[in-house]
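In: Fold the stuff below for me.
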Amino acid sequence: MPEDAQVKAAVARELNRAISERNLSQAQAGKILGVPQPRVSDLSRTRLGIFSLEKLLEFANRLGLDVEIRMRPAVKPHIKVFAA
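Out: From the prediction side, this is the model:
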């Protein structure tokens, strides 16, 4: 589903922003995220096919980011990711 890919890409952008703001190397980020450095490289290059949305949200938690999911009735159903 294309919308799923868009949500994953938006979450990945926030993860990459958090890694960059902390000036973490890919090896350091990998230790925090619990994955080897090549997976961090995949994340930074937005090669997201190997990551589930659940795994990306777990990464956000490991980086100390708050994740909030809200659902409400919509005129036109869609998914949005908001960055603070």
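
In: Check D4 and give its pLDDT.
Out: We have a pLDDT of 82 for D4.

In: three-state assignment of it?
Out: Here D4 is helix, with the state taken from DSSP: H, G, I helix; E, B strand; the rest coil.

In: how many neighbours does it have?
Out: Neighbourhood size, D4 [other CB atoms under 10 Å]: 12. Placement of C-beta: from N, CA and C, glycine included.

In: go on, I79?
Out: When neighbours are defined as other CB under 10 Å, I79 has 14 of them.

In: Next: E21.
Out: Using other CB under 10 Å: E21 sits among 9 other residues.

In: Relative to the centre of the protein, pull out the residue lying furthest away.
Out: Computed with CA atoms, centre = their mean, the residue of the chain farthest from its C-alpha average is V75, at 26.9 Å.

In: Let's verify that residue: helix, strand, or coil?
Out: Judged by three-state DSSP, the three-state class of V75 is coil.

In: Give me the distance between it and A10.
Out: For V75, the distance to A10 equals 21 Å [CB to CB, to the nearest Å].

In: Could you identify the helix or strand that succeeds the worst-scoring helix or strand of the chain on mean pLDDT?
Out: Using mean pLDDT, DSSP states H and E, the weakest-scoring helix or strand in the chain turns out to be helix 2-21, at a mean of 91. Using DSSP states H and E, the helix or strand that follows helix 2-21 in sequence is helix 26-33.

In: which other residues reach whatever helix or strand comes next after that next one?
Out: Downstream of helix 26-33, the next assigned helix or strand under DSSP H and E is helix 37-44. Applying CB atoms under 8 Å, 6 or more residues apart in numbering, the contact partners of helix 37-44 are 12, 15-16, 19, 26-27, 29-30, 33, 48, 50-51, 59.
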